[in-house]
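**Q** A predicted structure for the sequence below; I have some questions about it.
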Amino acid sequence: MLAAADVDRADHLVHEFLTGRDRLFQDRIRHGRIVDGHGDLLCDDIFCLPDGPRVLDCLEFDDRLRFVDGLDDIAFLAMDLEHLGAPSLARLLVDRYTDYAADPAPGSLWHHYLAYRAYVRVKVACLRHRQGDPDAAAQARSLAALAGEHLRAGRVRLILIGGLPGSGKSTVAASTADLLSAVLISSDVTRQAAAAGEGVLTAAAPAAYRRGRYDRPHLARTYGELLRRAELCLGAGDTVVVDASFTQAGYRAAAAEVATRTHADLVPMSCQAPTAVRDDRLRRRPPGPSEATPEIAERMARDEDPWPDGIVVDTAGSIDDTMRRVRQIVGPPVGTFDHSPGPPPRAGSRSQGR
């Protein structure tokens, strides 16, 4: 009734999410997000009477099924609304729950619970089909497809956006984080904060190539801090965009190890533009956390390691043209219930040190 390949794919995605999200679930328990809920809330259980709604059929016979994460409980009803053809109502329910419960859960967790609840109904439909219900097979396939869409949408990703100074990587990184409501972690801002902590005046003249705050020990500390923060966020279920040059293969390998440890999808993007375009941008760039000059960029270009698996993003054109390419790589910026590969829209990207 269900394609074996689809079931295996769902099983893989579920285990990847659960295995890498120990911190997320421990935080949910620690912050009291487990509730004595309904456990089986579907549209058929809600009756709208003249004096107000009534909710029936609570799983009062088994505490193990009824004591669940509040998100898990409400996700059952949201999933049912979506499956019945009312995604806008499902989204409204999610938005209202998030507001009233003051729940900051990442979009990946919403997707996980929606998929889980859809598969609960898949199992019920399969049992009904075995018992002779001819319509249950189609329902099982429809629910399994819905679950698969949410599992794909809920993948946690580590997105590396690298490139030489002036390549537009910081602009692309910020736009990508906004697009995906992801956490943005910037090497320039991280380096500036570290320098301030060391009592260094960041407004001084730019350091020479691989000198001062850009020497090898400082670079290693900066990338180490970037990836430490990224690992914490990935473990909490957030997709992370890291804005750094990543011109050295060793730092890219370290990022890949973080993605492996957190069972996150690694998406490496290499921003590229002609030298003349990069130099012009650097000369016209207003003061900010980056201290790169055309001369430094030229030295970096000579020392850059090949990035064979970096997905090339041509940034020579407009930001709109560039982001069309990015959307081809990461998916369209649509919401939780639009069957997309992105997380639910939140109030802008969350930035660490931005």
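**A** Looks like it arrived, so ask away. Numbers count the residues shown, from 1 in each chain.

**Q** okay, CA-based contacts and neighbour counts for the rest of this
**A** OK.

**Q** what about Cys58, which helix or strand?
**A** Using DSSP states H and E, no element contains Cys58; it sits outside every helix and strand.

**Q** okay, now it: neighbour count?
**A** 15 (other Cα atoms under 10 Å).

**Q** surely Ile185 meets Val242?
**A** Yes: the criterion here is Cα atoms under 8 Å, and Ile185 meets it with Val242 at 4.9 Å.

**Q** shared neighbours, these two?
**A** The contact sets of Ile185 and Val242 overlap at 226, 230 (Cα atoms under 8 Å, 6 or more residues apart in numbering).

**Q** Walking through the stretch 101-250 of the chain, point out its strands one by one.
**A** Per DSSP state E, counting those that start in this stretch, the stretch 101-250 of the chain has strands spanning 157-163, 183-186, 240-243. These are given in chain order.

**Q** who does the first one pair up with?
**A** In its sheet, strand 157-163 lies beside strand 240-243 (parallel), strand 265-272 (parallel), with partners assigned from DSSP bridges.

**Q** now what about that strand, what contacts it?
**A** 169-170, 172-173, 230, 234, 238-247, 259, 264-272.

**Q** can you give me how far that strand is from the chain middle?
**A** Once both centres are worked out by Cα atoms, centre = their mean, to the nearest Å, strand 157-163 turns out to sit 12 Å from its chain's centre.

**Q** CA atoms only for that strand - export them in CSV, please.
**A** Only the C-alpha atoms of strand 157-163 are listed here, as CSV (Å, rounded to 0.1, in the frame of the first residue of the first chain):
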residue,chain,number,x,y,z
ARG,A,157,20.9,22.5,7.9
LEU,A,158,24.3,24.0,8.3
ILE,A,159,24.7,26.5,5.5
LEU,A,160,28.2,27.7,4.8
ILE,A,161,28.3,30.9,2.7
GLY,A,162,31.9,31.7,1.8
GLY,A,163,33.9,33.7,-0.7
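
**Q** quick one: contacts of stretch 248-257?
**A** Taking Cα under 8 Å, 6+ apart as the criterion, the residues outside stretch 248-257 that touch it are 223, 227, 246, 266, 304-307.

**Q** give me the low-pLDDT residue ranges for the stretch 51-200 of the chain?
**A** By pLDDT under 70, the low-scoring segments of the stretch 51-200 of the chain are 194-200.

**Q** mind listing the helices for it?
**A** All helices of the stretch 51-200 of the chain, identified by DSSP state H, counting those that start in this stretch, fall at 63-66, 70-83, 87-101, 107-130, 136-153, 169-180, 187-197.

**Q** In a markdown table, list these along with distance to Glu298.
**A** Conversion of those to a markdown table gives the following (distance: least, Cα to Cα, whole Å):
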| stretch | distance to Glu298 |
| --- | --- |
| helix 63-66 | 61 |
| helix 70-83 | 51 |
| helix 87-101 | 48 |
| helix 107-130 | 40 |
| helix 136-153 | 39 |
| helix 169-180 | 16 |
| helix 187-197 | 18 |
